[in-house]
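> Okay, here's the prediction I keep looking at, along with the sequence it came from:
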Number of protein chains: 2
Amino acid sequence: MNEVDVFIFDCDGVIWRGDSVIDNVKETLAKLRKEGKKCFFVTNNSTKSRAGYKKKFDSLGLDVAAEEIFSSSFAVAAHFEQTKFLEKKPGKKVFVLGEIGVCDELDMIGVPWIGGPQDEGKVAPMQPGGKVDHDHDVGAVVVGFDRHINYYKIQYAQLCINENEDCEFIATNLDAVTHLTDAQEWAGNGSMVGAIKGCTGQEPNLVGKPSSLMIDYIADKENLDRSKICMVGDRLDTDILFGANNGLKTCLVLSGVTSEEKLLSDENKVTPDFYADSIADFFVKEAA
Amino acid sequence: MNEVDVFIFDCDGVIWRGDSVIDNVKETLAKLRKEGKKCFFVTNNSTKSRAGYKKKFDSLGLDVAAEEIFSSSFAVAAHFEQTKFLEKKPGKKVFVLGEIGVCDELDMIGVPWIGGPQDEGKVAPMQPGGKVDHDHDVGAVVVGFDRHINYYKIQYAQLCINENEDCEFIATNLDAVTHLTDAQEWAGNGSMVGAIKGCTGQEPNLVGKPSSLMIDYIADKENLDRSKICMVGDRLDTDILFGANNGLKTCLVLSGVTSEEKLLSDENKVTPDFYADSIADFFVKEAA
């Protein structure tokens, strides 16, 4: 704990599970801050913007600033800023196959977009001679988690990527499953990205975990020493690997999808630097 | 021509384009039959059953028997017969993410199924605590082209494949694009299969082209010498490669997606045994 100045927390399975905050997280975050630790919150979920996530933190009674939240929707905007989309592709816009979070983040940086929630329920004209008229000024397609995915959206993305010159294909994340509700695992953005890979033969540029984009952004912006940053997550093959590959300390918590049995099994090849039942144990164990 | 006893025709781009029959196809098929050639018609399209395809041939004025038609919907049924699904998985059923063609073919062989067109417009219950209740007796998921793909269907397939023991994942085909209408290329079943690959991490068993299943079925059932079979198609990387890999003679026709320029370019590594503007030239060239 003393060696760590900054904690980067995965959210789902670490801070909350679905709709409920994990026990004692609020108190633990308060103690960490009291000890001068910086806290950031990363999530591959793209359905909300930073501002949208702040509301979720608020509703769970957690006092977190929007600037501390790194959602993959924000990572899309950070990517467009880093690659200078507006300067390099003047007059071009973005087609969003995804929910409002990505669109809100694009609005924040002034990148024009089409698609998003506007395409819910749209049906492609498939009668003889029918076609989807796509915008030839789409210079990038962003695919994020979308509970309203439909064939119209898939066809629109296909046309932009296959027919528009120099059209980038960006994925917020490739997570196979996600936690929409506590009751079961749900098909994740791997589905939406897989659909567009399958009709274009293209691999996307990934901006969420396990891409290094968000870590680079945090480390550079805050001018941080990576060895003093600890990635805290509940998944070995994403969070812990992501942290280790980016030169961070890593801590697995057992409050999400990974059991202690799985962590300690012979088949598991990913070893975190530390592990705990939940982040609440950060202080319990220090006291022991 | 004299060396070939049997022609296997791809349909789209060879027999028809979208909704229109290609010029002189009717007369050519009649001449081939008059000379004693057997004709089979293979298509990766799974939206119709054999019987459904017969109606399409009829509507275009083409006299073809249902038994001469090998759609990927039929290939699904042939696969379940070959693998003895009913005997080996008694009491089990199939979940169809796809259109009526697959369902009709399953009905023909008495394999029980759920899903298909019944799931159009269904919405997963995503409120707190919500879940999709899936059938634990689903022993196989078939993914075919589906213009009504939605998140409910993706989640249902994900649950069956990830949570049911020994649940097979079958794809009718992996075509990136397809010809729903003449006006443009359309996202193909690669999208639907990609969506399910993306949320399960599983690779499907493929029954349509370029799987050998349909060729094996035709050659075995008809007791044919493969060197006397010619695969006729409009795509180098599917039809021609498929024929060559299965020991057949191959003929590319330029009536579909491949230009003569592309065929003869240095980049192209796939060489058919013959090529022609369309199948109508089979006789024109003989007369020359």
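The structure has been received and is ready for your questions. Numbering: from 1, shown residues only, chains lettered A, B, ... in the order given.

> measure residue A:279 to residue A:205 for me?
Remark: distance between residue A:279 and residue A:205 (CB to CB, to the nearest Å) = 32 Å. Every residue, glycine included, has its C-beta placed from N, CA and C.

> So for the two, which residue has more residues nearby?
Shown here are residue A:279 and residue A:205; by other CB atoms under 10 Å in any protein chain shown, residue A:279 has more neighbours (21 against 15).

> Quick check: that one touching residue A:16?
No: the criterion here is CB atoms under 8 Å, and residue A:279 misses it with residue A:16 at 11.5 Å.

> got any residues that touch both of these two?
A:22, A:25 (CB atoms under 8 Å, 6 or more residues apart in numbering or on different chains).

> Now do the contacts for the residue of chain A most remote from its centre.
Each residue of chain A has a distance to the centre, and by CA atoms, centre = their mean the biggest one is for residue A:128: 40.5 Å. Neighbouring residues of residue A:128 by CB under 8 Å, 6+ apart: B:18-19, B:181-182.

> any chance of those residues in TSV, plus pLDDT and neighbour count?
Formatted as TSV, the contacts of residue A:128 follow (pLDDT from 0 to 100; neighbours: other CB atoms under 10 Å in any protein chain shown):
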residue	pLDDT	neighbour count
B:18	76	17
B:19	78	15
B:181	85	19
B:182	81	14
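
> Keep only those that also lie close to chain A.
B:18-19, B:181-182 (CB under 8 Å from any CB of the partner chain).

> returning to what we had before: closest to residue A:67 among the contacts of residue A:128?
residue B:181 (48.6 Å; CB to CB).

> Test my guess that that closest one contacts residue B:18.
Yes: counting by CB under 8 Å, residue B:181 does reach residue B:18; the two are 5.3 Å apart.

> Count residues in the vicinity of the residue in the stretch 1-150 of chain A that chain B sits nearest to, would you?
Of all residues in the stretch 1-150 of chain A, residue A:131 sits closest to chain B, at 3.8 Å by CB to the nearest CB. Counted with other CB under 10 Å, the neighbours of residue A:131 add up to 17.

> For it, which three-state class applies?
Using DSSP: H, G, I helix; E, B strand; the rest coil, the structure places residue A:131 in coil.

> you'd agree it is up against residue A:125?
Yes: counting by CB under 8 Å, residue A:125 is a contact partner of residue A:131 at 6.7 Å.

> how about the nearest residue to the residue nearest the centre of chain A, chain neighbours excluded?
Using CA atoms, centre = their mean, the residue of chain A that lies closest to the mean C-alpha position is residue A:44, 1.8 Å off. In space, residue A:44 comes closest to residue A:173 once its chain neighbours are excluded; the distance is 3.7 Å by CB to CB, 6 or more residues apart in numbering or on different chains.

> for residue A:37, same thing?
residue A:7 (5.9 Å).

> Secondary structure element holding the residue nearest to residue A:44?
Following DSSP states H and E, one finds residue A:173 outside all helices and strands.

> tell me the contacts of it?
Residue A:173 neighbours (CB under 8 Å, 6+ apart): A:44, A:46, A:72, A:144-145, A:188-189, A:206-209.

> how about a cut-off of 6 Å?
The neighbours of residue A:173, taking CB atoms under 6 Å, 6 or more residues apart in numbering or on different chains as the test, are A:44, A:72, A:189, A:208.

> just curious, which of the residues you listed is nearest to residue B:254?
residue A:189 (40.2 Å).

> Next, count neighbours for the closest one.
For residue A:189, using other CB under 10 Å, the count is 28.

> cool, and residue A:183?
Neighbour tally, residue A:183, other CB under 10 Å: 16.

> if you skip the residues just before and after it, what's nearest to it?
residue B:131 (3.8 Å).

> just residue A:180 next, same as before
Nearest non-adjacent residue to residue A:180 (CB to CB, 6+ apart): residue A:186, at 4.2 Å.

> Direction included, what does the helix or strand containing the one you found pair against?
In the assignment (DSSP H and E), residue A:186 maps to strand A:184-187. Within its sheet, strand A:184-187 is paired with strand A:177-181 (antiparallel), according to DSSP bridges.

> What residues sit buried inside the strand it pairs with?
A:177-181 (16 or more other CB atoms under 10 Å in any protein chain shown).

> what's the answer for stretch A:80-89, then?
Under the neighbour-count criterion of 16+ other CB under 10 Å, stretch A:80-89 has A:80, A:85, A:89 buried.

> got a list of contacts for it?
A:111, A:139.

> Could you give the average pLDDT over that stretch?
Average pLDDT, stretch A:80-89: 96.

> and that stretch, C-alpha only, in PDB?
C-alpha atoms of stretch A:80-89 as PDB (Å, rounded to 0.1, in the frame of the first residue of the first chain):
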ATOM      1  CA  PHE A  80     -10.000  11.100 -31.700                       C
ATOM      2  CA  GLU A  81      -8.100  13.900 -29.900                       C
ATOM      3  CA  GLN A  82      -4.800  12.000 -30.000                       C
ATOM      4  CA  THR A  83      -5.200  11.200 -33.700                       C
ATOM      5  CA  LYS A  84      -6.400  14.700 -34.600                       C
ATOM      6  CA  PHE A  85      -9.500  13.600 -36.400                       C
ATOM      7  CA  LEU A  86     -11.000  17.100 -36.800                       C
ATOM      8  CA  GLU A  87      -7.700  18.400 -38.300                       C
ATOM      9  CA  LYS A  88      -6.800  15.500 -40.400                       C
ATOM     10  CA  LYS A  89     -10.300  14.700 -41.700                       C
END
